[in-house]
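A.B. asks: build the 3D model from these lines:
(chains A and B)
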2 protein chains.
Amino acid sequence: MRTVKVGLIGIGNVGLAVLKLCQKNKKIIERKSGCVIEFKLVCDKDKSKKELLSTDVEFVTDYNKIVKDPEIDIVVELIGGLHPAYEIITESIKHGKHVVTANKAVLSEYWDKIFSLANKYNKTVYFEAAVAAGIPVIESLNEGLAGNKILSITGILNGTTNYILSLMTQNKYNFDTAVKKIQNMGIAEADISYDISGYDTACKLSILSSLAFFSWVKLKDIKIEGIENIELQDIYFAENFGYKIKLLGHSSVYKNKYYFEVRKYLVPQDNIFANINYEYNGILVEGDACGKIIFVGKGAGGLAAASAVVSDIIYIAKDITSAVGGREQYVEYTPKKLNIISSDEVEGFFYLRFTTVDRPGVLAKISNVLGQHNVSIASVYQKEPLVKYRKGVPILLLTHKVKEKNLLSALNKIKNLDVVLKPPVYIKILSNAE
Amino acid sequence: MRTVKVGLIGIGNVGLAVLKLCQKNKKIIERKSGCVIEFKLVCDKDKSKKELLSTDVEFVTDYNKIVKDPEIDIVVELIGGLHPAYEIITESIKHGKHVVTANKAVLSEYWDKIFSLANKYNKTVYFEAAVAAGIPVIESLNEGLAGNKILSITGILNGTTNYILSLMTQNKYNFDTAVKKIQNMGIAEADISYDISGYDTACKLSILSSLAFFSWVKLKDIKIEGIENIELQDIYFAENFGYKIKLLGHSSVYKNKYYFEVRKYLVPQDNIFANINYEYNGILVEGDACGKIIFVGKGAGGLAAASAVVSDIIYIAKDITSAVGGREQYVEYTPKKLNIISSDEVEGFFYLRFTTVDRPGVLAKISNVLGQHNVSIASVYQKEPLVKYRKGVPILLLTHKVKEKNLLSALNKIKNLDVVLKPPVYIKILSNAE
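C.D. replies: Below is the predicted model:
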């Protein structure tokens, strides 16, 4: 049985789990790959990481020792971030290695450079772990659904924000308490700004969309909104009306154009996304033949990500064993531009919350402005607040279908009305038809 | 661009959808496969099917014309049933062709013969459409989750029975009315005996399990129960207690042994399976690294199955283009036997319904026998029947965890008690931990 040699860079949770899994399931992996996987060198810039390793793995602190080692067939990049991850990946390709990476940031930022380089050098770059950890959605999009024209992708793609929203919904914690809670539980890092800003979800949406639509979807093509400003009262009101609030990444074809957005959505309680909670991720892929396919699983955790990394290693090792490694590109890259529109141009249903003075005629003033902008109201709720507010009363509206641009113009006027005390809150509603 | 030639046998819904999809998404398929897919010959024993085809496809009625055509690279078998599907597949392999099949019956019945033959001739047999139509669960089990030891598989694998159960639950139709309804809607065939007996689900469970556990799991290794005897009152009572009734296929490792069963389950209403309704299928795969991954999508329909067939064609075509077709077996076949136990030996929670005379002391008699067999009762419900029965009153029990064998012995005695009017009904409960 041939031996395929791997160099692993980055000894964090995932790196350690990859080493452990390859040891534990050695026989299964040999059967699946038809070869022996040997970790020839393992690297971390932090010398102390060496102590976490078993003695029979050689440890280095300089990643160049791996990238330039002529014996190494596959480089596994698990350091995250843009640099030097980008240099590791591209130098590895140039030195004739295949690459496995779990790095969503570097892929969404350098998609064209990485895959055109891989193409040039006949090497492959696999990245199942970059999106939704152990859920095999990259492979499915790329191969299992290969005969389809993909029409849309919708997903809960970030476990940290989903955990925060779940705690707010289930336990009625406010945002800050929920964040502290998951940091204490060790579920989230100290710095969760990439998660709660929507950036992490956007990176993953960029990768899924680039694969699905055969063209690099850049971060700047995606409208990105996070969950930083979410208020507990919106969780309450949404629940009251039969919805849960989720952060979704969403790509879709709309009138022959594409739009991409990461934002909070009101999701109907009987929609599958409403029941994907805590660290779980879920992705709905809609194809013209397969219809709607939904994948659900843990979106975080060392072992779940290791499952994806190891399946990528097996994939490449199989091809190396049959001497065809790199014979076909895993990602077909062509620098064709998609016809993209802003999601402002798309029609949708919306939840609106206004904080107003408590006197007659307020609703008339607001609905008057909405009407002027062709925003038609489906329902109005003037409820007693469920929690105490210092000042103002909430007015809640659900709209009929409206172009978001029109809504934004209306809200822009409404916020300047003298009866309105705070900037209006608006959240898009996911219709069950989507 | 190289041309890969395909012969398609069986012009039903799926066959027609495959031809249509390959035409509609020609460009996508060429990008994905790196070659042109040409349907050189199309076959059906029924001459009249020719009229359904566009004029530029050559039609034959004798499948041997395809199997023996030296130009054909891939044979797509879509006739279903055991014979001559088995002969088509094996003769195609012997004549140097790769095979794509959607045939769950022939695979579960001849797994060893088909894959050892494919191995011998260095050909591959792909079968994504044989289980859950367009859901890429075969590929995921085989590749995306390849680094995992698979611990269990649980699934709603038959759209017809799931549709019947959904109609019974949502519309409160009885079994016969639900069956007539879906036959009138054209959703089910005239003969649904393979569906409602659990046979179809068992074939699919056999395929998934054989892949997951590296060993042919035969139909006779699976305990198979259908939905023929289901009564509307059990749907009502289950709902009342927070459950829905579903037909599940389930494979699991239990104390280092394997068991396989197809049976009705009471599924908690907040479990994902409770919300997979009508023609939708759902499969939960549990791996030691990835945790629980759930796949949901349409389990039936020509286009959904065609999505899977076309992805298999692309897969093989890619390998042929790079001259490595058959270089690696898609299914690794070794005739190792699994250590199998009967599901009677497994512990579970159960729902029991007794139809008894309406007089004091009945519950005491029943619970006495249960106690003698170590069946411990978690809850008792003696409810007014929700629908009218001709005779007898229902007594409902939920058990604590009990070995099914013990329960069966107890029920065997109980059914002979003079106060019990009908054979007891018992249904296993899916715990949310599973």
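A.B. asks: around chain B, which positions in the stretch 1-150 of chain A sit nearby?
C.D. replies: For the stretch 1-150 of chain A, the residues in contact with chain B (C-beta under 8 Å from any C-beta of the partner chain) are A:17, A:21-22, A:24-25, A:28-29, A:31-34, A:128, A:133-136, A:139-140, A:143-149. For glycine as for every other residue, the C-beta is placed from the backbone atoms N, C-alpha and C.
A.B. asks: give the buried subset of these as a PyMOL selection command.
C.D. replies: Selection of the buried residues among the residues of the stretch 1-150 of chain A next to chain B in PyMOL, burial being defined by 16 or more other C-beta atoms under 10 Å in any protein chain shown:
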select buried, chain A and resi 17+21+22+25+28+29+32+33+34+128+133+134+135+136+139+140+143+144+145+146+147+148+149
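A.B. asks: so which of the residues of the stretch 1-150 of chain A next to chain B sit within helices?
C.D. replies: Judged by DSSP state H, the subset of the residues of the stretch 1-150 of chain A next to chain B located in helices is A:17, A:21-22, A:24, A:28-29, A:31-33, A:139.
A.B. asks: in the stretch 201-350 of chain A, which spans are helices?
C.D. replies: Ranges of helices within the stretch 201-350 of chain A are A:232-240, A:302-321, based on DSSP state H, counting those that start in this stretch.
A.B. asks: winner for burial among those?
C.D. replies: Mean neighbour count (mean count of other C-beta atoms under 10 Å in any protein chain shown) peaks for helix A:302-321 among those, with a mean of 26.
A.B. asks: is that one in proximity to chain B?
C.D. replies: Yes: with C-beta under 8 Å from any C-beta as the measure, helix A:302-321 is seen reaching chain B through A:303-304, A:306-311, A:313-315, A:318, A:321.
A.B. asks: before we move on, the earlier item: and which of the ones in helices among the residues of the stretch 1-150 of chain A next to chain B is nearest A:G361?
C.D. replies: Nearest to A:G361 out of those is A:E139 (C-beta to C-beta; 58.6 Å).
A.B. asks: nearest to A:L396, of the residues of helix A:302-321 next to chain B?
C.D. replies: Of all those, A:A304 has the smallest distance to A:L396: 38.3 Å, by C-beta to C-beta.
A.B. asks: my guess is that closest one contacts B:G287. True?
C.D. replies: No: the pair A:A304 / B:G287 is not scored as a contact, 9.2 Å apart, by C-beta atoms under 8 Å.
A.B. asks: need the residues touching each of those two.
C.D. replies: A:G134 (C-beta atoms under 8 Å, 6 or more residues apart in numbering or on different chains).
A.B. asks: coming back round to it: and of the helices of the stretch 201-350 of chain A, who's closest to B:Y330?
C.D. replies: Of all the helices of the stretch 201-350 of chain A, it is helix A:302-321 that lies closest to B:Y330, at 10.8 Å by C-beta to C-beta.
A.B. asks: before we move on, back to that, export the helices of the stretch 201-350 of chain A as a markdown table, with columns for mean pLDDT.
C.D. replies: Below are the helices of the stretch 201-350 of chain A laid out as a markdown table (pLDDT from 0 to 100):
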| stretch | mean pLDDT |
| --- | --- |
| helix A:232-240 | 94 |
| helix A:302-321 | 94 |
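A.B. asks: where are the low-confidence patches of chain A?
C.D. replies: Within chain A, the stretches with pLDDT under 70 are A:323-329, A:383-390, A:433-434.
A.B. asks: relative to the centre of it, find the outermost residue for me.
C.D. replies: Ranking residues of chain A by C-alpha distance from their mean position (C-alpha atoms, centre = their mean) puts A:P360 at the top, at 44.7 Å.
A.B. asks: and that residue, helix, strand or coil?
C.D. replies: Put simply, A:P360 is coil when judged by DSSP: H, G, I helix; E, B strand; the rest coil.
A.B. asks: residues contacting it?
C.D. replies: No contacts exist for A:P360 under C-beta under 8 Å, 6+ apart.
A.B. asks: chain B versus that one, what's the distance?
C.D. replies: Here A:P360 is placed at a distance of 44 Å from chain B (C-beta to the nearest C-beta, to the nearest Å).
A.B. asks: what does A:P335 give?
C.D. replies: To chain B, A:P335 is 14 Å away according to C-beta to the nearest C-beta.
A.B. asks: not counting its neighbours along the chain, what's nearest that residue?
C.D. replies: If the residues on either side of it in the chain are set aside, A:P335 comes closest to A:D112, at 6.2 Å by C-beta to C-beta, 6 or more residues apart in numbering or on different chains.
A.B. asks: now do the contacts for that neighbour.
C.D. replies: A:216, A:333, A:335.
A.B. asks: give me phi/psi at the first one?
C.D. replies: What that stands for is A:W216. phi -60, psi 110 (degrees, to the nearest 10).
A.B. asks: and what of A:K181?
C.D. replies: Backbone torsions of A:K181, given as degrees, to the nearest 10, read phi -50, psi -50.
A.B. asks: give me the neighbour count for it.
C.D. replies: Neighbourhood size, A:K181 [other C-beta atoms under 10 Å in any protein chain shown]: 16.
A.B. asks: and if you look at A:G371?
C.D. replies: Neighbour count of A:G371, defined by other C-beta under 10 Å: 12.
A.B. asks: separation between it and chain B?
C.D. replies: From A:G371 over to chain B (counting by C-beta to the nearest C-beta), the distance is 38 Å.
A.B. asks: next one: A:L396 from chain B, what distance?
C.D. replies: From A:L396 across to chain B, the span is 27 Å (C-beta to the nearest C-beta).
A.B. asks: ok, A:A129 next?
C.D. replies: Distance check for A:A129 against chain B: by C-beta to the nearest C-beta, it reads 11 Å.
A.B. asks: next one: A:I272
C.D. replies: Distance, A:I272 to chain B, using C-beta to the nearest C-beta: 7 Å.
A.B. asks: and A:S409, by the same measure?
C.D. replies: For A:S409, the distance to chain B (C-beta to the nearest C-beta) stands at 39 Å.
A.B. asks: in space, what's closest to that residue - neighbours in sequence excluded?
C.D. replies: Using C-beta to C-beta, 6+ apart, the closest residue to A:S409 is A:H373 (5.3 Å).
A.B. asks: so who does that neighbour touch?
C.D. replies: A:H373 sits next to A:406-407, A:409-410, A:413 when contact means C-beta under 8 Å, 6+ apart.
A.B. asks: these two touch, right, A:G302 and A:G10?
C.D. replies: No: if you go by C-beta under 8 Å, A:G302 and A:G10 don't touch, sitting 11.8 Å apart.
A.B. asks: got a markdown table for the contacts of A:D112, with distance to B:Y351 and neighbour count too?
C.D. replies: Converted to a markdown table, these look like this (distance: C-beta to C-beta, whole Å; neighbours: other C-beta atoms under 10 Å in any protein chain shown):
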| residue | distance to B:Y351 | neighbour count |
| --- | --- | --- |
| A:W216 | 53 | 24 |
| A:Y333 | 55 | 19 |
| A:P335 | 60 | 8 |
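A.B. asks: quick one: distance of stretch A:402-410 to the chain centre.
C.D. replies: Relative to the chain's own centre, stretch A:402-410 is displaced by 27 Å; criterion: C-alpha atoms, centre = their mean, to the nearest Å.
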